[in-house]
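In: Fold the following for me, if possible:
(chains A and B)
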Amino acid sequence: MGRAGGEDHLTVPSATLLGQSVLSGVFIGALYGLLGLGLSLSWGMLRQVNLAHFALAFLAGYLTFQFSGRLDPFVTLAVVAPLFFALGMALHWFLGRFSVTLLNTLLVTFGLTSIIEAGIQWYWTADFHRMESAYAAVRWKVGPLFVSLPDLLTLGFALTLSLGMWGVLRFTDLGKAMRATTEDAPIAAAFGVNEKLLGYLISGLAAAVAAVAGLCLALNHTLAPVQIYAWMGVVFAAVMMGGVGSPVGPLLAGIVIGVSEALTMAVSNPTWAPLVSFSLLIAILLFRPARLS
Amino acid sequence: MKIDRRRALAAGGAILSTLALPPALRAQGKPIRIGSTLPLTGPLASLAIIHKVTAEIYVDNLNKRGGLLGRPIEWVLRDDQSKPELTRTLYEQLITADKVDLVQSPYATASILAAMGVAQRYSKLLLHTSFGIPKLAKYEMQFQTAGSPFDPENVWPNHIFDAAAKLPKPPKTVAIVTSKFPSVHAISVGAREVLKKRGLTEVLHLEYEFGNRDYGAIAARIKEANPDFLWGGTNGIDPVLMLDAMKKIDYRPPAQVHLFPAPGPMLKMPEAQGSLALTTFESHPPFTDDPTIAQFVKTYGERAKEAGIPYTAVDLQSAIMYAAWQVLETAVTATRSLDDKTLAAWLKKNEVKVLFGTLRWNGPQNYVEGADLYKIKQLQQGRWMVVHPAQWAAPGAKII
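Out: Numbering: from 1, shown residues only, chains lettered A, B, ... in the order given. Alright, predicted model coming up:
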């Protein structure tokens, strides 16, 4: 037994506990990655640190919750994602119109986050909301381990969108134009790349990904306006570890963080979990500072 | 002025008698201004709205009954944004700039502690609804109105294990899983000592940071420990997240307590049924036997619905705020004074009957040691009801 107030010694977990913890870490890491994807794209390719991405994800979650009694969450997503795409483009126009610098995008989008949070609190109140969904009850037993449908959906979305975006950037002319614009916009423009249009497209895509993350949040988590801020630290860590601008990096880093947190909780006191993930971030930034460039 | 219990009861009677006052005799003159803050935005906003609606109902009713000392009441409310440092500034403003006559409670331990410092500086009486660490309340003119004991880390675990002993299968092994949120953490640390003294076995002890997002590994550890009883040192939405995580791995503890859960989200969760929790008041007899309280419960339900509060029954949160106003009204009426020192002196020597019992402040630091007004409620068929102690239990209710 540990001392009063904490059990700091390591325990030897069973294989089932370890396996279930790793699974849990992979799934929460997938959500980190999904939230980080849009942030990474706008940061790396548009030089916009868009804090409002988190607020948009929660707004999408609330919209999914709002229509959950009448519409299947995926039908809601089919409406919300294009809407958010347009919102993302509007945000890009706003930031461009006022020539907001990288640092100032942080401040402006923080303000926008506060506005969206206030709007959510005004309409849905500050209380907790939990979406009732048939999907939430579906789970399978694989050997001694359990896998739930909402978790699998989150992982599926994260993999599909991250790898899909990687594929687009790597193999298509559109992706090459995006990368060229990120490298050197004036030169890319000289070769006929429409820099402005690409900026709108990336910003729109990032916001649409926030809508998908919102669906996953609503399926898996309880919603409250203040929770917008609870995800920022760890998702930023995933983006920085994974590489700013990378579509797959945040997912991989998110899974590394999620699994390291879950394993820490499995073998030690859960209170150490955040310490482990942020220590990882510090170590990576110390040894690979280029991740932030 | 010495006021004994009989005079205090007479004051209570006077309050009730004003219910029958004709409109012409209602509150007149310069309003008595009572200032307070609540966290209307920020992490505690979901609970602050309950306090706000409750206080508004009380002040409305009080004014309809003739106000205090024949004068209307004006409640000056500020939003402290769930920030103790802002609470401190706002109480300073309320006292020095707004020049309120009296101050009333903010919400939650950190903000109350901040307001207490200001109250002490200006020698103001401070009633408070939700202070989780009584030993830190060292100001002589602070009075709790929540019915908490001086030693919750001892009294509350004993309440809970007393109730657990009445379960169909009394627990022998306990897993203590607690957030590091200060008050619930302190109580959970106390529970570890209490369970040892009661001959129970602790099979797991985990602590996690408040605001934790992922309960998967924690749920897996609880499942592996397989306790008879899960002690959830939890508040707010944590129990829901923990229960969700346990559901995902097809596990449900045989019995469980969650100290201060947000009541609404648990109602419809099948896996939450049977959960125990602490409370002072629930919207059922014998609490609602008093017609005034029954009317408050009804009005609160209507106003809470209008305010968009998902859980519209009066429970712990609204009750402790209502009690704070009951105490203030009773003390002012009994002393016929707005002087903070007079009111504090009266409270130290008297007791006040509130909607969940009788409050006293005659122990250490104006608390009572070893006793309190808390009860144990249980979620049964989608409804929270008090099951322990028996004199406060809902009619026909028993622990299942």
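In: Stretch A:51-65 vs chain B: in contact?
Out: No. Using Cβ under 8 Å from any Cβ of the partner chain, stretch A:51-65 never reaches chain B; the gap is at least 11.8 Å. All C-beta spots, glycine's among them, are computed from the backbone N, C-alpha and C.
In: Now do the strands in the stretch 251-400 of chain B.
Out: B:256-261, B:276-279, B:351-354, B:357-360, B:375-380, B:383-388 (DSSP state E, counting those that start in this stretch).
In: most neighbours per residue, which of those?
Out: strand B:256-261 (a mean of 26; mean count of other Cβ atoms under 10 Å in any protein chain shown).
In: Number of residues surrounding the residue in chain B that chain A sits nearest to?
Out: When distances are taken as Cβ to the nearest Cβ, chain B reaches nearest to chain A at B:Gly216, 2.5 Å away. Using other Cβ atoms under 10 Å in any protein chain shown, the number of residues around B:Gly216 comes to 29.
In: what does the average pLDDT come to for stretch A:48-57?
Out: Stretch A:48-57 shows a mean pLDDT of 96.
In: Now tell me what touches that stretch from outside.
Out: Stretch A:48-57 has contacts (Cβ atoms under 8 Å, 6 or more residues apart in numbering or on different chains) with A:35, A:38-39, A:42-43, A:84, A:87-88, A:91-92, A:95, A:100, A:102-103, A:105-106, A:109-110, A:112-113, A:116-117, A:120, A:203, A:206-207, A:210-211, A:213-214, A:217, A:228-229, A:231-232, A:235.
In: since we're on residue 187, how many residues are nearby?
Out: Since you didn't name a chain, this refers to chain A. Counted with other Cβ under 10 Å, residues neighbouring A:Ile187 total 11.
In: Can you look at chain B instead?
Out: By other Cβ under 10 Å, neighbour count at B:Ile187 equals 25.
In: Show me what the helix or strand where it lies packs onto, helices and strands only.
Out: B:Ile187 is part of helix B:182-197 when elements are defined by DSSP states H and E. Contacts defined by 3 or more Cβ pairs under 8 Å, 6 or more residues apart in numbering or on different chains; DSSP states H and E place helix B:182-197 against helix B:109-121, helix B:152-164, strand B:173-179, strand B:201-208, strand B:229-236, strand B:256-261.
In: circling back: surely the residue of chain B closest to chain A and A:Phe27 touch.
Out: Yes. Assessed by Cβ atoms under 8 Å, B:Gly216 is found in contact with A:Phe27 at 7.2 Å.
In: picking that back up, for the helices and strands packed on helix B:182-197, give me JSON lines that also has distance to A:Ser21 and mean pLDDT.
Out: Output for the helices and strands packed on helix B:182-197, formatted as JSON lines (distance: least, Cβ to Cβ, whole Å; pLDDT from 0 to 100):
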{"stretch": "helix B:109-121", "distance to A:Ser21": "33", "mean pLDDT": "96"}
{"stretch": "helix B:152-164", "distance to A:Ser21": "29", "mean pLDDT": "97"}
{"stretch": "strand B:173-179", "distance to A:Ser21": "15", "mean pLDDT": "97"}
{"stretch": "strand B:201-208", "distance to A:Ser21": "13", "mean pLDDT": "96"}
{"stretch": "strand B:229-236", "distance to A:Ser21": "18", "mean pLDDT": "94"}
{"stretch": "strand B:256-261", "distance to A:Ser21": "21", "mean pLDDT": "96"}
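In: Of all the ones you listed, which one comes closest to B:Ala272?
Out: Nearest to B:Ala272 among the helices and strands packed on helix B:182-197 is strand B:256-261 (8.2 Å), distances taken as Cβ to Cβ.
In: Okay, angle between that closest one and strand B:375-380 too, please.
Out: Relative orientation of strand B:256-261 versus strand B:375-380 (axes from the mean of the first three to the mean of the last three Cα atoms, to 10 degrees): 110 degrees.
In: Enumerate residues external to strand B:256-261 that contact any of its residues.
Out: Counting by Cβ under 8 Å, 6+ apart, B:156, B:160, B:164, B:184, B:187-188, B:229-236, B:238-240, B:242, B:266, B:274-278, B:316, B:376 sit against strand B:256-261.
In: May I see the buried residues of the helix or strand A:Ala218 falls within?
Out: Using DSSP H and E, A:Ala218 sits within helix A:195-220. Buried residues in helix A:195-220, counted by 16 or more other Cβ atoms under 10 Å in any protein chain shown: A:198-220.
In: And stretch B:293-306, by the same measure?
Out: For stretch B:293-306, the neighbour count (16+ other Cβ under 10 Å) marks B:Ile293, B:Phe296, B:Val297, B:Thr299, B:Tyr300, B:Arg303, B:Ala304 as buried.
In: again with stretch B:160-167
Out: Those would be B:Ile160, B:Phe161, B:Ala163, B:Ala164, B:Leu167, for stretch B:160-167 by 16+ other Cβ under 10 Å.
In: show me what contacts residue 168?
Out: If you meant another chain, say so; for now it's chain A. Residues in contact with A:Val168 (Cβ under 8 Å, 6+ apart) are A:Leu174, A:Gly175.
In: Correction: the question concerned chain B.
Out: Shown in contact with B:Pro168 (Cβ under 8 Å, 6+ apart): B:Ile400.
In: Render the CA-only coordinates of the host helix or strand of A:Val256 in PDB, please.
Out: Take DSSP H and E as the rule and A:Val256 turns out to sit in helix A:249-267. What follows is helix A:249-267 as a C-alpha-only set of coordinates in PDB (Å, rounded to 0.1, in the frame of the first residue of the first chain):
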ATOM      1  CA  GLY A 249       2.800  12.800 -37.800                       C
ATOM      2  CA  PRO A 250       0.200  14.100 -35.400                       C
ATOM      3  CA  LEU A 251      -1.600  10.800 -35.500                       C
ATOM      4  CA  LEU A 252       1.500   8.800 -34.900                       C
ATOM      5  CA  ALA A 253       2.600  11.200 -32.100                       C
ATOM      6  CA  GLY A 254      -0.900  11.100 -30.700                       C
ATOM      7  CA  ILE A 255      -0.800   7.400 -30.500                       C
ATOM      8  CA  VAL A 256       2.600   7.400 -28.900                       C
ATOM      9  CA  ILE A 257       1.300   9.900 -26.300                       C
ATOM     10  CA  GLY A 258      -1.900   8.000 -25.800                       C
ATOM     11  CA  VAL A 259      -0.200   4.700 -25.300                       C
ATOM     12  CA  SER A 260       2.500   6.100 -23.000                       C
ATOM     13  CA  GLU A 261      -0.200   7.700 -20.900                       C
ATOM     14  CA  ALA A 262      -2.300   4.600 -20.700                       C
ATOM     15  CA  LEU A 263       0.700   2.400 -19.900                       C
ATOM     16  CA  THR A 264       1.800   4.800 -17.200                       C
ATOM     17  CA  MET A 265      -1.700   4.600 -15.700                       C
ATOM     18  CA  ALA A 266      -1.600   0.800 -16.000                       C
ATOM     19  CA  VAL A 267       1.700   0.300 -14.100                       C
END
